[in-house]
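J.: Have a look at this prediction, sequence included:
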Amino acid sequence: MTDLNLDEETRTAVAALTARVRNRDAAEDRQPAELFALEFMTALRGQGWRPTPARPTLRWSRPRGAGADPSRHADALAEARRACADSAAKLRAGERTEEAS
């Protein structure tokens, strides 16, 4: 087998499946494919493999708009920053008044 940079557990599973396929191909009386697959899945689960709830990732779609125009909202942002600074100053002043009391 070519080296595919697989971890140890995956290499072991591939080797086990390869051996089972070769044994099945060499057998005169082949078992049905569904039974063969079920046998292998049972063997994997016996080794600790469990399916995960992972799902394929969703396709990314680009946003339709161009986003906000900073020049249009600069005044509102500046006003909001001033209001926050004023509120913070009032809170600090109130805390100092309470500490002095």
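T.: Looks like it came in fine.
J.: what's the helix or strand for the residue nearest to the spatial centre of the chain?
T.: Note on the chain: the residue nearest the mean C-alpha position is residue 54, at 7.7 Å, using C-alpha atoms, centre = their mean. Per DSSP states H and E: residue 54 is located in neither a helix nor a strand.
J.: What of the one 5 residues further on?
T.: Taking DSSP H and E as the definition, residue 59 sits outside all helices and strands.
J.: what about it, neighbour count?
T.: 5 (other C-beta atoms under 10 Å). In this view, the C-beta of every residue, glycine as well, is placed from N, C-alpha and C.
J.: do the one 5 residues further on as well
T.: Other residues near residue 64 come to 5 when the count uses other C-beta under 10 Å.
J.: What does it show for phi and psi?
T.: Backbone torsions of residue 64, given as degrees, to the nearest 10, read phi -80, psi -40.
J.: ok, it to residue 73 distance?
T.: Using C-beta to C-beta, to the nearest Å, we find residue 64 at a distance of 19 Å from residue 73.
J.: Ok, residue 88 next?
T.: Applying C-beta to C-beta to residue 88 and residue 73 gives a distance of 22 Å.
J.: for residue 86, same thing?
T.: Computed as C-beta to C-beta, the residue 86 to residue 73 distance reads 20 Å.
J.: which regions of this structure lie under the pLDDT threshold?
T.: With pLDDT under 70 as the threshold, the chain has low-confidence stretches at 1-4, 101.
J.: Now do the helices in it.
T.: Under the criterion DSSP state H, the chain carries helices at the ranges 8-26, 33-46, 70-100.
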